[in-house]
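*Asks:* Sequence plus the predicted model coming up.
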Amino acid sequence: MTTLLNRRQWLKAAGVTLAATAVAPRLSRLEAATLPAAPSATSGLVQLSWNENPFGPAPSAQRAMIAAVARSCRYPDDEEQTLLEMVAAREGCPTGQIVLGNGSGEILDAAGFHFGYDKGEIIAANPSYMQLVEAAQRAGGGAVRVPLNARLEHDLPAMAAAISPRTSLVYIVNPNNPTGTVCDAAELKEFVRTVSARVPVFIDEAYLECTDDFAGRTCAGLATSGHNVVVARTFSKIFGMAGCRLGYAVMPEKLAVSLRARMTGSLSLTTIMAGTASLGDTAYVTATRAKIKAGREALTAQAKALGKECTAAQGNFVFMRTGRPVKDFIARMRAEGVIVGRPFPPLTDWARITVGLPEEMEICHRALRKVLG
Ligand SMILES: Cc1ncc(COP(=O)(O)O)c(C=O)c1O
């Protein structure tokens, strides 16, 4: 079985120890170093099950975090305000329409509680990303799960038809997790315009920056132009900052006030500084998008060469029909040193595999040939 460096070995190889990062005089030496790309799971296996992006954080974001360490005795209010203004400028709206969160997950939880409260019912695709729906259920709300269509995309007409007087929110994940499929841009925007006149619509765009046409597909313009729409983004995917926990959402100002009241986290200086640097590093995002696309296309081609069907996935992962119970497939891949995504019922013979580093993908392709060949 093949193993890669675990995190401790990687920190050692990079010349970084926890003690070193805490000692200010050594910072300039650290700052000069370019850290190697992130290692895989602590288990030493290739971790391709969490949709992380191992190409990040950008070196500019790493330098910003290192520089922030020595200033960590200060509360980061001014820096947070700067990040907020940068995000608002990016989205073309007042800061009052932006909510920052500890990952977009914190915002999904807050929205789930807000819209699930008082027995509110959430309409969501099946299968899809469940964090918001599960938060709504914890708050006493309900869920109406609408099956994906034959291409494993959101079935927007069926979701519109599912709206009832009990509906408190329609939740769309674009691209969808786990299938990676995107909604047709014109159809989705028309859906959002029409539906948001009746009930609020939440578009989770966690993976949208990985796609071929972010600007043409985003629905943020509808959120900033007065529609009852929330658009959520994360720094965990294209920016490769999953461990930093940073996300934001754009929404009507009144709703932003309500959601902020339900949030308890506060951002660290290092996270804020990394986010600010990342937003300014468009060249890094462009390069990362190209690497993710190359990895996704090679993995899709590998699956197809083995006779396996794939969706038209656009995130940093591929969704393939293995033709066998996914639990067996997961166990066989693990035995070959690769951790792949969990079962996503009702699609129990499909598997989700994240795009990793080129050397990780080499191991993954070899494992696929052995397990599915
Ligand atoms: C569709 C989707 N939305 C949101 C998230 C939450 O990400 P984070 O809390 O890291 O921003 C994830 C995480 O994988 C996701 O897949």
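*Replies:* Structure received. Numbering: from 1, shown residues only.
*Asks:* Just checking the distance from the helix ranked longest in the chain to the centre of its chain.
*Replies:* Secondary structure of the chain per DSSP state H: the longest helix is helix 282-305. Taking Cα atoms, centre = their mean, to the nearest Å, the mean C-alpha location of helix 282-305 is offset from the chain mean by 16 Å.
*Asks:* Against which helices or strands is whichever helix or strand comes after it packed?
*Replies:* Going down the chain from helix 282-305, the next helix or strand is strand 317-321, by DSSP states H and E. Counting contacts by 3 or more Cβ pairs under 8 Å, 6 or more residues apart in numbering; DSSP states H and E, strand 317-321 packs against helix 282-305, strand 350-354. To be clear about C-beta, it is placed using only N, CA and C from the backbone, and glycine gets the same treatment.
*Asks:* Which segments of this structure make up each domain?
*Replies:* Domain assignment for the chain by automatic domain parsing gives 7-58+283-372, 77-279.
*Asks:* just to revisit the earlier point, for G56, which of the helices and strands packed on strand 317-321 is the nearest?
*Replies:* Closest approach to G56 among the helices and strands packed on strand 317-321 is made by helix 282-305 (6.4 Å; Cβ to Cβ).
*Asks:* all helices of the stretch 1-150 of the chain, in order?
*Replies:* Under the criterion DSSP state H, counting those that start in this stretch, the stretch 1-150 of the chain carries helices at the ranges 7-13, 18-22, 27-32, 59-69, 77-91, 103-116, 131-138.
*Asks:* quick revisit: which one of the domains of the chain has the lowest average pLDDT?
*Replies:* Of all those, mean pLDDT reaches its minimum on domain 7-58+283-372 (a mean of 83).
*Asks:* quick one: contacts for the closest residue to the ligand within the stretch 251-373 of the chain?
*Replies:* Residue nearest to the ligand within the stretch 251-373 of the chain (Cβ to the nearest ligand atom): G315, separated by 8.0 Å. Residues near G315 by Cβ atoms under 8 Å, 6 or more residues apart in numbering: N51, P175, N177, G180, A206, Y207, C210, T211, K237, R296.
*Asks:* Equivalent analysis for T288, please.
*Replies:* Taking Cβ under 8 Å, 6+ apart, we find T288 in contact with N53, F55, G56, A58, I238, G240.
*Asks:* filter these to the buried ones?
*Replies:* With burial judged by 16 or more other Cβ atoms under 10 Å, the buried subset of the contacts of T288 is N53, F55, G56, A58, I238, G240.
*Asks:* Could you dump these into CSV with distance to V326 added?
*Replies:* Listed next are the buried ones among the contacts of T288 as CSV, based on distance: Cβ to Cβ, whole Å:
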residue, distance to V326
N53, 23
F55, 27
G56, 28
A58, 34
I238, 27
G240, 27
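*Asks:* Nearest residue to the residue nearest the centre of the chain in space, ignoring adjacent ones along the chain?
*Replies:* Nearest residue to the geometric centre of the chain (Cα atoms, centre = their mean): A206, 4.0 Å. Excluding the flanking residues, the one nearest A206 by Cβ to Cβ, 6 or more residues apart in numbering is T234, at 4.8 Å.
*Asks:* End to end on stretch 206-225, go ahead and measure it.
*Replies:* Distance across stretch 206-225, first residue to last, is 21 Å (Cα to Cα, to the nearest Å).
*Asks:* contact partners of that stretch?
*Replies:* For stretch 206-225, the surrounding residues in contact (Cβ under 8 Å, 6+ apart) are 51, 91-93, 97, 104, 129, 173-175, 177, 180, 182, 185, 188-189, 192-193, 196, 203, 205, 229-234, 236-238, 250-252, 285, 289, 292-293, 314-316.
*Asks:* and with 7 Å instead?
*Replies:* Residues from elsewhere that reach stretch 206-225, judged by Cβ atoms under 7 Å, 6 or more residues apart in numbering: 91-93, 97, 104, 174-175, 177, 182, 185, 188-189, 192-193, 203, 205, 229-231, 234, 237-238, 250-251, 285, 289, 292, 314-316.
*Asks:* For burial, what's the neighbour tally of L148?
*Replies:* By other Cβ atoms under 10 Å, the residues close to L148 number 20.
*Asks:* List phi and psi for it.
*Replies:* For L148, the backbone dihedrals (degrees, to the nearest 10) come out as phi -70, psi 160.
*Asks:* backbone phi and psi for G180, please?
*Replies:* Residue torsions, per degrees, to the nearest 10, at G180 are phi 80, psi 0.
*Asks:* residue contacts, the nearest residue to it once chain neighbours are set aside?
*Replies:* Leaving out its chain neighbours, the residue that sits closest to G180 by Cβ to Cβ, 6+ apart is A313, at 2.6 Å. Neighbouring residues of A313 by Cβ under 7 Å, 6+ apart: T179, G180, T181, R296, F319.
*Asks:* quick one: contacts for the second one?
*Replies:* Taking Cβ under 7 Å, 6+ apart as the contact definition, G180 lies against T311, A313, Q314, G315, F317, V318, F319.
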